[in-house]
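Q: Structure for this input, please:
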Amino acid sequence: MATRLAASVVVISLLSLVVATIVGVTTGEDLADDLNDERLRSTAESAAWDVAADIGGLENTTVGFAASRQAVVAIDEFDDAFTELENTLDEDDYQLELDELIEAYRERYLDPLRESGRDVQIRDIAGTSPVAAYLQYEYAIDLGPVVRPATIDDADDDTDWTDVHRRVHPVYRDVVARLGLLDLYLVSPAGRVLYTVNKRPDLGTNLRTGPFSGSVVANTFRRVIDNPDERAIVSDLRLYDAFPGEAVGVVGSPIFDDDDELAGTLLISYSASTLTDLVTADQTWEAGGLPETGDVYLVGGVDGTTRSDPRGYLENPTEYLDAAAAAGRLSGDERQQIEAIGTTVLTLSAVDETVDAGVERDSSMRSARSITGGSVLSMTVPVDTESVDWYVVTEVDAAVAGRGLDD
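A: The predicted structure follows:
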């Protein structure tokens, strides 16, 4: 009897221990899931809010400057000065300027674009407009390769265009510098790029018929012209030949004169690198709430490619691209383009399940595969704006996420 009683106590104790262990592990798993969900969600929602706020800020800035009296006066005076240049330029001088322009642009634009896989010719960069060639030569070529065109207020050519530029340029240059923008444009209703801050090959060209007529800048301009009642137009990121290697976003707003007639369009452009800095908090992932191997990046719903660079690529590009290629997420041509331009944006495709979750507005935590083929816990949260169709993706390696529970 004593032996049986002792054995019964041992058996009951063991059964109690097993039950308690099962309950404890189950509770621990639930707690771990809750903690991981909270961590991923807070990071994703914070990044999504930051991106939406940044886009909203760019819209407000563009609308504010387009509605200013300065924009109305500037676009009218630039248009008159542009027309005067058309009527007074000497054909022989134009040809000499165009020859030097083409020679400089081969090195500055054609070579980098071709290295990135773009099949471009000089006609795709340098237009046939004499005024465009003249302005680009005076402000970007004649001053030499060391001088940045944006720093020049007066090319000392005694033209009306330069006279207007001297008064307008310091204000817009300061806007671009302070906001970290790529460029700012004033465009006439006919599509002529009357002014830009940085004086690249798009200055003076026509966005309806010129070499940049199919670009993201031209498409945004046309959307503004076609929908002048819209407060602001925001375009998705696209590569833009005037900025080789840059994925460019554009925001545009109409300019109305005193009679409420459409006088033109004010456009601003920005680089996708600002989005990478924004969602990663300048690449401080852990400070942003993610553990080691945690990642946060943007994906576009239109094509499923990245809109910011993932952590693995930023930390070790070669290793990351090797893994993405091995996982079947990257072709040889796509890898060559990424290596040439230095960013995955608009080239690297997210995992199908991640894109599907964004399209379906499914922001639940799920087990998934990363772009490089690893097992991760993942969450997709939409950016709360009607302007662009983007999603924030947060991920953490499944083994790292479960390490605390394993211990």
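Q: pLDDT weak spots in this protein?
A: 2, 4, 7-11, 13, 15-36, 92-94, 144-146, 287-291, 401-407 (pLDDT under 70).
Q: can you give me the helices for it?
A: Applying DSSP state H to the chain gives helices spanning 2-66, 69-88, 91-105, 111-115, 130-136, 160-179, 216-226, 273-279, 311-315, 317-326, 332-341, 352-359, 398-401, 403-406.
Q: so which of those gets nearest residue 385?
A: Closest to residue 385 of those is helix 2-66 (Cβ to Cβ; 4.6 Å). (Each C-beta comes from the backbone N, C-alpha and C, glycine too.)
Q: Spatially central, which residue of the protein would that be?
A: The structure's the chain has its C-alpha centroid closest to residue 272; by Cα atoms, centre = their mean the separation is 2.4 Å.
Q: just checking, residue 385 touches residue 52?
A: Yes. Using Cβ atoms under 8 Å, residue 385 makes contact with residue 52 at a distance of 4.6 Å.
Q: follow-up on the earlier one: can you name the residues that contact the nearest residue to the residue nearest to the centre of the chain once chain neighbours are set aside?
A: Closest residue in space to residue 272, ignoring its immediate chain neighbours: residue 247 at 3.8 Å, by Cβ to Cβ, 6 or more residues apart in numbering. Each residue near residue 247 by Cβ atoms under 8 Å, 6 or more residues apart in numbering is listed here: 237-239, 271-272, 307, 343, 345-346.
Q: what do you get if the cut-off is 10 Å, keeping everything else the same?
A: 216, 236-240, 270-273, 275-276, 305-309, 341, 343-347 (Cβ atoms under 10 Å, 6 or more residues apart in numbering).
Q: Next step: those restricted to strands.
A: Among the contacts of residue 247, the residues falling in strands (DSSP state E) are 238-239, 270-271.
Q: Find the nearest non-adjacent residue to residue 326, please.
A: residue 373 (6.7 Å).
Q: Next one: that neighbour from residue 321, what distance?
A: 13 Å (Cβ to Cβ, to the nearest Å).
Q: With neighbour numbers in mind, choose between the two.
A: residue 321 (21 against 15; other Cβ atoms under 10 Å).
Q: How many residues are close by the nearest residue to residue 389 once chain neighbours are set aside?
A: Leaving out its chain neighbours, the residue that sits closest to residue 389 by Cβ to Cβ, 6+ apart is residue 301, at 3.7 Å. Neighbour count of residue 301, defined by other Cβ under 10 Å: 16.
Q: Give the buried residues for stretch 311-319.
A: 311-314, 317 (16 or more other Cβ atoms under 10 Å).
Q: Reformat these as JSON lines; add distance to residue 400.
A: Output for the buried residues of stretch 311-319, formatted as JSON lines (distance: Cβ to Cβ, whole Å):
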{"residue": "311", "distance to residue 400": "13"}
{"residue": "312", "distance to residue 400": "14"}
{"residue": "313", "distance to residue 400": "19"}
{"residue": "314", "distance to residue 400": "18"}
{"residue": "317", "distance to residue 400": "22"}
